[in-house]
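Enquirer: here's my sequence, what's the structure:
(one chain, ligands or ions: 2)
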Amino acid sequence: MKVMVIGGGGREHAIVRKLRENKEITELYALPGNGGMVNEAVCVNIGATDLAGIAAFAKERGIDYAVVTPDDPLVLGAVDLLEAQGIPCFGPNKAAAILEGSKAFAKDFMKRHCIPTAAYETFTDAEAALAYVASCPLPTVVKADGLALGKGVVIAETREEARQAVQAAMCEGKFGHSGETVVIESFLTGPEVSVLAFTDGRTVVPMVSSMDHKRALDGDRGPNTGGMGTVAPNPYYTDTIAARCMEEIFLPTVRGMAAEGRPFRGCLYFGLMLTADGPKVIEYNCRFGDPETQVVLALLESDLFTIMRAVTDGRLDETEVRFSADAAACVILASKGYPLSYEKGFAITMDEDVRPHVLFAGVKEKDGTLVTSGGRVLGVVGRAANLRDALALAYDRAERIGFENRFYRRDIGKRALEA
Ligand code: AMP
Ligand code: GLY
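Expert: Numbers count the residues shown, from 1 in each chain. Ligands and ions are numbered 1, 2, ... in the order given. Okay, the predicted model is just below:
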């Protein structure tokens, strides 16, 4: 079978590596992929949002199955386009991807289905939003409605910060159309848990839980990033909490989407906060998380491609999805200055035995060597019987990877170990 994966980050590299375990796949393509995965997939220089280019390539190459991973092509309707060409896909169609594409939709959806989440108001009028933040309780959370590269959320401690966040999104067009509507919600506290789940629109199978580290610097300081490291499982996510999330959040979400004529097929990401009042949804993503995928797939023992096809065909209830009882950790090696400004183009070196544990992201090939080309350069993974050993492996490997301006957090998993 000829399979293509849309996207080019560490998450996609993890998916590509896992798909290669399935011997039915004879040709594997990544669009665009990256310079670090060229030995594992044929990388084709077509961008993940170039839907016409993707569709044309799929037709010309006779692709049998597509895995659409990033949020933007999903929200733009890449799956609808490919399915119309007769190509089965892993990933939600446009009608279902709205769960991530519009925070206002997601919040109203949760209200309709009594799914626990932070209290909120939605605004399409800047004056009304400004009037609201002039007297709402603080801290407050201001969110651009649409996709904003993970930068659309501001936790405002003061009225001035809240006012600026509203102004930037609604008056200054900081996020384009994505900020024309904003959701302002109450500030919640508690440990955060990421739960990715396979769902075929009917059955939902949660994967092993994980914990992201979103801030750039040690001690959860510095600006928010796409994620600086992950561990799995997440020790805060006990069996009791998992059972409660299934009843109160996962099943109502999947059933609610189906009942509204938007059955969700693919990977549904539940960003949860375990508050004193119980687990609440902070956000839905319509895709695998990055770098959650790097640790979750490291622990998946069943065949990923078999699961993906079962999701597409609505047979998830009869498919085995088994995870190891081990722990995994992923440390992101970034370019100094990420997520703000950073230099690129530095050669990457590593010991050969480290390479199988590396998932590349912001890298490209230049004159036969691998050089940095992005903020998050790569993730390095460790897996062991317990989290302490998994972290030790990941950090030992990180030390043996070199590039100029390399930086990484030294405290990934620290909170999980203390839990
Ligand atoms: P999001 O893009 O919605 O995941 O938000 C990014 C981050 O902001 C989350 O991972 C949380 O750490 C934080 N956050 C979002 N919403 C809230 C909230 N209502 N209360 C507290 N923190 C929040
Ligand atoms: N790591 C968070 C995300 O993928 O959205």
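Enquirer: per-residue pLDDT, the nearest residue to A134 once chain neighbours are set aside?
Expert: Counting by CB to CB, 6 or more residues apart in numbering, A134 lies nearest to R159, which is 6.5 Å off, once chain neighbours are set aside. The way it works is simple: take the backbone N, C-alpha and C, and place the C-beta from them, glycine included. As predicted, R159 sits at a pLDDT of 96.
Enquirer: R159: neighbour count?
Expert: Look at R159: counted by other CB atoms under 10 Å, it has 14 neighbours.
Enquirer: now the stretch 251-400 of the chain against ligand 1: closest residue?
Expert: E283 (3.5 Å; CB to the nearest ligand atom).
Enquirer: which SS class is the residue of the stretch 251-400 of the chain found nearest ligand 2?
Expert: Closest residue of the stretch 251-400 of the chain to ligand 2, CB to the nearest ligand atom: G289 (3.4 Å). Three-state call for G289 (DSSP: H, G, I helix; E, B strand; the rest coil): coil.
Enquirer: right, and it touches S194 too?
Expert: Yes. With contact defined as CB atoms under 8 Å, G289 and S194 form a contacting pair (5.5 Å).
Enquirer: the more surrounded of the two?
Expert: S194 (26 against 23).
Enquirer: looks to me like the more buried one is in a strand.
Expert: Yes. Judged by three-state DSSP, S194 forms part of a strand.
Enquirer: quick check: phi and psi at M350.
Expert: Note on M350: backbone dihedrals following degrees, to the nearest 10 are phi -160, psi 160.
Enquirer: next, the contact list for it, please.
Expert: Listed by CB atoms under 8 Å, 6 or more residues apart in numbering, the contact partners of M350 are 358, 400-402.
Enquirer: restricted to strands, list the residues you listed.
Expert: Counting by DSSP state E, those place 358, 401-402 in strands.
Enquirer: which parts of the host helix or strand of Y132 are buried?
Expert: Using DSSP states H and E, Y132 sits within helix 126-133. Neighbour-count burial for helix 126-133, counted by 16 or more other CB atoms under 10 Å, picks out 129-130, 132-133.
Enquirer: ok, now stretch 328-343?
Expert: For stretch 328-343, by 16+ other CB under 10 Å, it's 328-335, 338-339, 342.
Enquirer: including secondary structure, distance to E83 and pLDDT, could those residues go into TSV?
Expert: Shown next, in TSV, are those (DSSP: H, G, I helix; E, B strand; the rest coil; distance: CB to CB, whole Å; pLDDT from 0 to 100):
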residue	secondary structure	distance to E83	pLDDT
A328	strand	33	98
A329	strand	37	98
C330	strand	32	98
V331	strand	37	98
I332	strand	33	98
L333	strand	37	98
A334	strand	36	98
S335	strand	38	97
Y338	coil	36	94
P339	coil	34	92
Y342	coil	38	95
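Enquirer: now render those residues as TSV, adding distance to G35.
Expert: Below are the buried residues of stretch 328-343 laid out as TSV (distance: CB to CB, whole Å):
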residue	distance to G35
A328	25
A329	25
C330	20
V331	20
I332	17
L333	15
A334	17
S335	15
Y338	18
P339	21
Y342	18
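Enquirer: ok, the residue of the stretch 251-400 of the chain closest to ligand 1 to L300 distance?
Expert: 23 Å (CB to CB, to the nearest Å).
Enquirer: get me the contact residues on this protein for ligand 1.
Expert: Within the chain, the residues that sit near ligand 1 (CB under 6 Å from any ligand atom) are 118, 141, 150, 153, 155, 185, 187-188, 192, 214, 271, 282-283.
Enquirer: nearest the geometric middle of this protein, what residue?
Expert: Compute the mean C-alpha point of the chain, and by CA atoms, centre = their mean the closest residue is G289, 1.9 Å away.
Enquirer: G368 versus that residue, what's the distance?
Expert: 33 Å.
Enquirer: for V133, give me the pLDDT.
Expert: 94.
Enquirer: I249 now?
Expert: pLDDT at I249 comes out at 98.
Enquirer: how about the one 10 residues further on?
Expert: The model reports A259 with a pLDDT of 98.
Enquirer: and what of R287?
Expert: pLDDT, R287: 98.
Enquirer: which residues does it contact?
Expert: 69-71, 74, 91, 100, 266-267, 269.
Enquirer: next one: E24
Expert: 1, 305.
Enquirer: and E320, how many residues sit next to it?
Expert: With other CB under 10 Å as criterion, E320 counts 11.
Enquirer: hang on, it packs against S302?
Expert: Yes. At 5.1 Å, E320 counts as touching S302 under the criterion of CB under 8 Å.
Enquirer: follow-up on the earlier one: buried ones among the ones in strands among the contacts of M350?
Expert: Counted by 16+ other CB under 10 Å, those give 358, 401 as buried.
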